[in-house]
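# Give me a model of this one.
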Amino acid sequence: MPQITLHYFDLAGGGEPVRLSFYIAGIEFTDRRISFGDWPSCKAEMPLGQVPVLEVDGKMYTQSMGILRYAGALSGLVAKDPLTALQNDEIMYILNDLTSQIGRTIHMPAGEAKMAERSKWLATSFVSMMMLIDGRLSEKTSSDLDISDLMLYARVNWWSSGVLEGIPKECCTPYKNILRRVGLVTNHPKVQEWNKAHPPPPIVNNGVPPTKSDK
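Next up is the predicted model:
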């Protein structure tokens with residue numbers, strides 16, 4: 001087994017699905033958590049000046065989706081059937097799109113314009129994309145987890161946390177199939193064990209990392 005280090009901030013974000021993937025499968029890895037205060041001095045270490053970065057046998061790799069797929073492949077949490085893998089990838093890339101969309105509002109100045117942008121997002125892209133995911137998951141009856149479930153768990157917990165002003169905690173309540181899959185992750189013994197050993201840190205900066213331009 002390779003020597004693995006995950007470099008990320010001390011928050012869930014794009015790192016938690018990777019951490020959980022390794023932990024569920026019992027794969028040893030170093031969980032390096034960088035504080036926001038230490039980030040300026042650590043940024044130059046990273047190939048593109050951003051995280052997550054996965055270090056495998058001393059070589060650093062970027063891009064959160066590729067990192068998660070690698071973690072899932074090692075952990076046996078990537079579907080072997082091509083169509084099932086496509087369906088799971090579709091969910092993950094939709095979640096990634098939604099994250100990018102809400103992320104664009106994070107650093108907007110507080111005020112009516114920011115709230116209007118988030119309200120529009122909730123009423124349009126969020127609804128249409130979550131409905132699509134929820135419909136896809138109505139056909140997913142297996143209780144076995146995969147990396148799309150881990151990513152869904154992390155994103156839904158963030159959006160429902162109440163930390164994003166203008167985004168109600170109940171935003172995901174209508175999506176019963178999504179909540180069913182999130183519940184499978186939440187109640188998984190290894191996930192509960194992980195959360196007990198690694199209590200979530202206080203949410204700061206809206207639960208997102210510094211921007212690429214932060215020095």
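# List the contacts of the closest residue in space to residue 52 that isn't next to it in sequence.
Leaving out its chain neighbours, the residue that sits closest to residue 52 by Cβ to Cβ, 6 or more residues apart in numbering is residue 8, at 4.5 Å. Every C-beta, even on glycine, is put in place using the N, C-alpha and C of the backbone. Going by Cβ atoms under 8 Å, 6 or more residues apart in numbering, residue 8 touches 14, 15, 18, 32, 33, 34, 51, 52, 53.
# hmm, try it at 7 Å
Neighbouring residues of residue 8 by Cβ atoms under 7 Å, 6 or more residues apart in numbering: 14, 15, 33, 34, 51, 52.
# Repeat that for residue 118.
105, 166, 167.
# Now restrict the residues you listed to buried residues only.
105, 167 (16 or more other Cβ atoms under 10 Å).
# Now go through the contacts of residue 118 and say which are in helices.
residue 105 (DSSP state H).
# I'd like the contacts of residue 118 as JSON lines, with distance to residue 120 appended.
What follows is the contacts of residue 118, written out as JSON lines (distance: Cβ to Cβ, whole Å):
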{"residue": "105", "distance to residue 120": "10"}
{"residue": "166", "distance to residue 120": "10"}
{"residue": "167", "distance to residue 120": "12"}
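# Whichever strand or helix holds the residue nearest to residue 52 - which strands sit beside it in the sheet, and in what orientation?
Using DSSP states H and E, residue 8 sits within strand 4-9. Here strand 4-9 is paired, per DSSP bridges, with strand 30-34 (parallel), strand 53-56 (antiparallel).
# helix, strand or coil for residue 142?
Following DSSP: H, G, I helix; E, B strand; the rest coil, the label given to residue 142 is coil.
# quick one: it and residue 79, what's the gap?
10 Å (Cβ to Cβ, to the nearest Å).
# Same drill for the two, tell me which one is more crowded.
Set residue 142 next to residue 79 and count neighbours by other Cβ atoms under 10 Å: residue 79 wins out with 17 against 8.
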